[in-house]
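Q: sequence and predicted structure are below.
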Protein chains: 2
Amino acid sequence: MDKLNIDQHISQQYNSALDDLKTEFLELGGIVEQQIVNAVKAITDVDTVLAQEVLMTEKEVDEREMQLDDLCTQIIARRQPTASDLRLVMAISKSTRDLERIGDEANKIAKMAIAISDSEDLPHGFSELRNLGRHVQEIVNDSLTAFARYDIDMALKVVNKDKEIDREYATAMRELITYMMEDPRNISRSMNVIWALRSLERIGDHASNISEQIFYLVKGLDVRHQTPDEMAQQVNKQRK
Amino acid sequence: MDKLNIDQHISQQYNSALDDLKTEFLELGGIVEQQIVNAVKAITDVDTVLAQEVLMTEKEVDEREMQLDDLCTQIIARRQPTASDLRLVMAISKSTRDLERIGDEANKIAKMAIAISDSEDLPHGFSELRNLGRHVQEIVNDSLTAFARYDIDMALKVVNKDKEIDREYATAMRELITYMMEDPRNISRSMNVIWALRSLERIGDHASNISEQIFYLVKGLDVRHQTPDEMAQQVNKQRK
């Protein structure tokens, strides 16, 4: 091969390493998204078999997280990426951790599903869990789609929806606490529902973190610790 | 300057950039450690002024987190570190996020301190909060010292102590739930203590995460998702 061909060959290898990284990241995203769906279904259908299935996925998620991290470091060490390529690697390195944490929270919900299945009466809060679960799964899905498409507008929508989810969570929590006060025999069981709601709220935060990384990835902007309005303003300023 | 001097100069600059990175990381660690101490004191002394002080530190922590992240990316892009230097940058990049989350949890505790200060009776669980708070602050401090000294044995101790903290947390939680059942009028207030305990348990997890990064930093080992025994075995295997 002459020099030009060797250069082209190296450049193709490099691009394919970045593509592989992105594909593996999105695959992990798909796995933890399914974990959320199954964990919420396990708790609200009192399905311990499904809960066990969620827990059995933990190992795969952990392994994929470590592989992705390893891949990120390898690309940095061997290919020395700069500019937008480096931003892609750093954004995936950070967001991989969010995906693993989402899987972690789904596992906690699955454990609550198993804990609840022992009790005779079913605790309150199942419809809240179902609704919050659906909304949280939606924004995890949207954050991954936004990442795949480098879609800033969609990322901004995720951050906004996460604020709605926080309000929905606060309302559900108030209702459950009122219910516990009215019937204190249910406190133990209700606490399991409270932990599951809390896990869902945390998953929403992780989806929001992933979306913040998309701003960095596409625009080089660090929008963490900003309100959705501030983020939109900063993006619009850059567009002008 | 001749070539040798220029090389030495660049190499000095590079080492000083890495030293600065490590110093700034440890400084941020000191700030969030103080936030934990103050937040726990604020809740158990019912000191809303101190709680406000904790909340006012949030902005500085957020800014320092973003600066540290920026510094990590700059070092990777400009200096193209490899081997142990790259591991230092990646370990700091990951652990910075843990420090910011520790600050976040300290803020949540400070908010609970303010919420509790409105009520007439003081809720149960303050001695548990005080003890758990002290233990958690200790392992945050130990994880930072272990990081500063590249001390694997100390890092392993942190991971082990975090398991103790998890058990201490579970005991405190069971006691509080029993107390809520006995006197359901206290549920609302007790929930604030429960959230504060939960935040402390999370801080312990973050200290443990930082310690896991020390294994990677010093030995190049990824010990995440391993039990303390497995970690010790892996380190011993390498030492032989």
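A: Here it is on my side, so go on.

Q: and the helix or strand that contains residue A:20, what does it pack against?
A: Applying DSSP states H and E as the criterion places residue A:20 in helix A:3-44. Applying 3 or more CB pairs under 8 Å, 6 or more residues apart in numbering or on different chains; DSSP states H and E, we find helix A:3-44 packed against helix A:48-56, helix A:58-79, helix A:83-117, helix A:126-149, helix A:187-219. Quick note: C-beta positions are derived from backbone N, CA and C, even for glycine.

Q: compute the inter-axis angle for that helix and helix A:126-149.
A: What separates the directions of helix A:3-44 and helix A:126-149 is an angle of 180 degrees, with axes from the mean of the first three to the mean of the last three CA atoms, to 10 degrees.

Q: check contacts around residue A:107.
A: Contacts for residue A:107 (CB atoms under 8 Å, 6 or more residues apart in numbering or on different chains) come out as A:35, A:39, A:54-55, A:58.

Q: ah, wrong one, I meant residue A:155
A: Residue A:155 makes contact with A:143, A:146-147, A:211-212, A:214-215, according to CB under 8 Å, 6+ apart.

Q: 7 Å instead?
A: Residue A:155 makes contacts with A:146, A:211, A:214-215, as judged by CB atoms under 7 Å, 6 or more residues apart in numbering or on different chains.

Q: pull out the buried members of those.
A: Among these, those scoring as buried are A:146, A:211, A:214-215 (criterion: 16 or more other CB atoms under 10 Å in any protein chain shown).

Q: just give me the closest of these to chain B.
A: The closest of these to chain B turns out to be residue A:215 (CB to the nearest CB; 12.6 Å).

Q: get me the contact residues on chain A for chain B.
A: Applying CB under 7 Å from any CB of the partner chain, we find that chain A lies next to chain B at A:62, A:66, A:73, A:76-77, A:80, A:82, A:86, A:90, A:177, A:180-181, A:184, A:187-188, A:191, A:222, A:224-225.

Q: would you mind checking those for buried ones?
A: Buried members of those, counted by 16+ other CB under 10 Å: A:62, A:66, A:73, A:76-77, A:80, A:86, A:90, A:177, A:180, A:184, A:187-188, A:191, A:222, A:224.

Q: which of those residues sit farthest apart?
A: Taking CB to CB as the measure, these span a maximum distance of 61.8 Å, between A:80 and A:184.

Q: for residue A:61, which non-adjacent residue is spatially closest?
A: Leaving aside its chain neighbours, residue A:61 sits nearest to residue A:103 (4.1 Å; criterion: CB to CB, 6 or more residues apart in numbering or on different chains).

Q: now do the phi/psi pair for residue A:81.
A: Residue A:81 adopts backbone torsions of phi -70, psi 150, taken as degrees, to the nearest 10.

Q: can you tell me the closest non-neighbouring residue to it?
A: Among residues not flanking residue A:81 along the chain, residue A:89 sits closest, at 5.8 Å (CB to CB, 6+ apart).

Q: which single residue of chain A ends up nearest chain B?
A: Counting by CB to the nearest CB, chain A gets nearest to chain B through residue A:184 (3.8 Å).
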